[in-house]
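K.L.:
Got a sequence here, can you model it:
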Amino acid sequence: TEQNAVESNPSESLTAPTLTETPKPAPDRGEPQVPGSDRATTLTETSEPVPAPDAAWDPATVHELTTLSGHTGNVYCVAFSPDGKRVASASGDTTARVWDGTSGNVLTLSGHTDNVTCVAFSPDGEQLATASNDKTLKIWNATSGNVLATLKGHTNTVTSVAFSPDGNQVASASRDETVRLWTNVNSMNTLSLSRKSNFGARNSAATGWESITLNGHTGLVSCVAFSPNEGRLESAGPESAGYSSLLEPGSNARWLASASWDNTVKLWNGSTGNVITLNGHTSNVTSVAFSQDGRRLASASNDKTLKVWDAKTGKETITLKGHTNSVVGVAFSPDGQRLASASTDNTVKVWNAASGQEILTLDGHSGSVSSVAFSPDGKQLASASWDRTVKVWGVGQVAVDSMTLESDPSAAAAKQLIPEPGSE
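P.N.:
Presented below is the predicted three-dimensional model:
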């Protein structure tokens, strides 16, 4: 039975919590309950040769760089800023936080009245979007913490949020089984999507944002992601039934992917509103992510697997097996060579995205891992967990074992905790 796990009596203190308590059985933010404990014995389904070890993510050199402690509730989502110098987190303590590795500041964003389920930076890093169990999204100034807009329209928990590549639109997913596309009516690129009649009804608000509803899923929508670029997928002709109305030669369609508890992934065409459905998972689909070139799509599921799809043809290309419980988060590295996954088996895994070969497993969290995100340079990986922490992993000279970023850290300590992008 689906549940909304609501944190009781959240505290705004940034004191590092004790991590010995037993975590709840599975993440919220529209993610699945933990299934049975039977183990998947096949690492991956692929006929490709096993690749040479990945030097950038060699198990012998990758370690935990830092633990960011301070949230007083489960951490559901993590994101790097576009410049790689900040990490944002969303928590069941009703706040989002922005951890700044340059200044040492921790910015707490308070305003939601229930669990904050997801967080996303705008492409320029100036804004932050949050989603919440309180059925709203908020757009914040990522530096000052001021609320720029509160977006209302969903009728249940908002589980996911994503900015479009140009920053003028925001997509959201919800337990109300819909995806909404919000357009900033004051932006240069206005309403090109909402004029299409085969999208749902348009909803205007006094906030300066206008929304349209995308209907089609028959279960909770757990995640949403934009393709990184416009006009990327229409360069070749359709290779499977149903794509003739989606791939329009010469168009500048923006693509949107959504994952749902109806066991499917949907791809929406931003010019026409047409949609195709990707079937293959045998349980709730919890997360979805595009590769940076937009040619591949990865999905994670309660069936303990990840799948990689050809975003042009809609064909499944590989299934990755190795987690022993629900896989609830997935991310491509910026170069597209690796996938990272988060699981309720308390681990993070890094995979070769082409072959499906598991590169390494990162142990360290004491609760379900709910989200993963690569840094822009691909050399660091952040993970969020029900143990109320964010961990940053990567290659460095010295592992940071026991340090935490507290409410008033020094700038020097923060710089040590979140290494500069590209540093070794």
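K.L.:
Please count neighbours and contacts with C-alpha atoms only from this point.
P.N.:
Noted.
K.L.:
could I have stretch 70-85 exported to PDB, CA atoms only?
P.N.:
Extracted in PDB, the C-alpha atoms of stretch 70-85 (Å, rounded to 0.1, in the frame of the first residue of the first chain):
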ATOM      1  CA  GLY A  70      22.700  18.500   9.200                       C
ATOM      2  CA  HIS A  71      19.300  17.500   7.900                       C
ATOM      3  CA  THR A  72      17.000  16.200  10.600                       C
ATOM      4  CA  GLY A  73      14.900  14.000   8.300                       C
ATOM      5  CA  ASN A  74      15.500  11.500   5.500                       C
ATOM      6  CA  VAL A  75      17.300  13.000   2.500                       C
ATOM      7  CA  TYR A  76      15.400  12.300  -0.700                       C
ATOM      8  CA  CYS A  77      17.300  14.000  -3.400                       C
ATOM      9  CA  VAL A  78      20.700  15.600  -4.200                       C
ATOM     10  CA  ALA A  79      21.900  17.800  -7.100                       C
ATOM     11  CA  PHE A  80      25.200  19.500  -8.100                       C
ATOM     12  CA  SER A  81      25.200  23.100  -9.200                       C
ATOM     13  CA  PRO A  82      26.200  23.600 -12.900                       C
ATOM     14  CA  ASP A  83      29.600  24.900 -11.700                       C
ATOM     15  CA  GLY A  84      30.100  22.000  -9.400                       C
ATOM     16  CA  LYS A  85      30.800  24.200  -6.400                       C
END
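K.L.:
buried ones in it?
P.N.:
Residues of stretch 70-85 classed as buried by neighbour count (16 or more other Cα atoms under 10 Å): 70-82, 84-85.
K.L.:
Name the nearest of the residues you listed relative to Thr324.
P.N.:
Among these, Tyr76 lies closest to Thr324 (Cα to Cα), at 19.7 Å.
K.L.:
The closest one sits in which helix or strand?
P.N.:
Following DSSP states H and E, one finds Tyr76 within strand 75-80.
K.L.:
Ok, Gly73 next?
P.N.:
Gly73 belongs to no helix or strand, assigned by DSSP H and E.
K.L.:
Looking at it now. What's its pLDDT?
P.N.:
In this model, Gly73 is scored at 98, pLDDT.
K.L.:
Hmm, Asp93 and it touching each other?
P.N.:
Yes: Gly73 is within contact range of Asp93, at 4.5 Å (criterion: Cα atoms under 8 Å).
K.L.:
before we move on, back to that, beyond the strand holding Tyr76, next helix or strand please.
P.N.:
With elements assigned by DSSP H and E, the helix or strand that comes after strand 75-80 is strand 86-91.
K.L.:
List the strands paired with the helix or strand following that following strand, with their directions.
P.N.:
Next in sequence after strand 86-91, counting helices and strands by DSSP H and E, comes strand 95-100. Strand pairing for strand 95-100, determined by DSSP bridges: strand 86-91 (antiparallel), strand 106-110 (antiparallel).
K.L.:
Show me what strand 95-100 is in contact with.
P.N.:
Defining contact as Cα atoms under 8 Å, 6 or more residues apart in numbering, one finds that strand 95-100 is touched by 85-90, 105-112, 115-116, 119, 130, 142, 414.
K.L.:
Same check on stretch 140-147?
P.N.:
The contact list for stretch 140-147 (Cα under 8 Å, 6+ apart) reads 98, 107-109, 121, 125-129, 138-139, 148-149.
K.L.:
Let's have these in TSV, adding neighbour count.
P.N.:
Shown next, in TSV, are the contacts of stretch 140-147 (neighbours: other Cα atoms under 10 Å):
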residue	neighbour count
Val98	23
Leu107	17
Thr108	19
Leu109	21
Phe121	25
Gly125	18
Glu126	15
Gln127	22
Leu128	26
Ala129	26
Lys138	19
Ile139	22
Leu148	15
Ala149	16
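K.L.:
Name the nearest of those residues relative to Leu65.
P.N.:
The closest of the contacts of stretch 140-147, once distances to Leu65 are taken by Cα to Cα, is Val98, at 17.6 Å.
K.L.:
ok, now which ones touch the closest residue to Val87 other than its chain neighbours?
P.N.:
Excluding its sequence neighbours, the residue lying closest to Val87 (Cα to Cα, 6 or more residues apart in numbering) is Phe80, at 4.6 Å. Counting by Cα under 8 Å, 6+ apart, Phe80 touches 86-88, 121, 373-376, 382.
K.L.:
I'd say Thr324 and Asp345 touch.
P.N.:
Yes: with contact defined as Cα under 8 Å, Thr324 reaches Asp345; the gap is 6.0 Å.
K.L.:
Highest neighbour count among the contacts of Phe80?
P.N.:
Ala382 (28 neighbours; other Cα atoms under 10 Å).
K.L.:
ok, that one to Thr94 distance?
P.N.:
As for Ala382, its distance to Thr94 is 20 Å (criterion: Cα to Cα, to the nearest Å).
K.L.:
Also Leu107?
P.N.:
Taken as Cα to Cα, the span from Leu107 to Thr94 is 14 Å.
K.L.:
Same question for Thr102.
P.N.:
Thr102 is 25 Å from Thr94, by Cα to Cα.
K.L.:
what bridges to Leu256?
P.N.:
Under DSSP bridges, the beta-bridge partners of Leu256 are Phe226, Trp268.
K.L.:
Number of residues surrounding Asp387?
P.N.:
For Asp387, using other Cα under 10 Å, the count is 26.
K.L.:
Likewise for Leu362?
P.N.:
Leu362 has 17 neighbouring residues, counting by other Cα under 10 Å.
K.L.:
now swap in Gln380 and tell me
P.N.:
Neighbourhood size, Gln380 [other Cα under 10 Å]: 28.
K.L.:
Could you check which helix or strand contains the closest residue to it other than its chain neighbours?
P.N.:
Counting by Cα to Cα, 6+ apart, Gln380 lies nearest to Gly394, which is 4.5 Å off, once chain neighbours are set aside. Per DSSP H and E: Gly394 is located in strand 389-395.
K.L.:
Now do that strand: everything it contacts.
P.N.:
Strand 389-395 is contacted by residues 56-57, 61-71, 74-75, 78, 89, 379-384, 418, 424 when judged by Cα under 8 Å, 6+ apart.
K.L.:
Thr102 and Thr94: who's more crowded?
P.N.:
Under the criterion of other Cα under 10 Å, the comparison of Thr102 against Thr94 puts Thr94 first, with 29 against 19.
K.L.:
All set, thanks.
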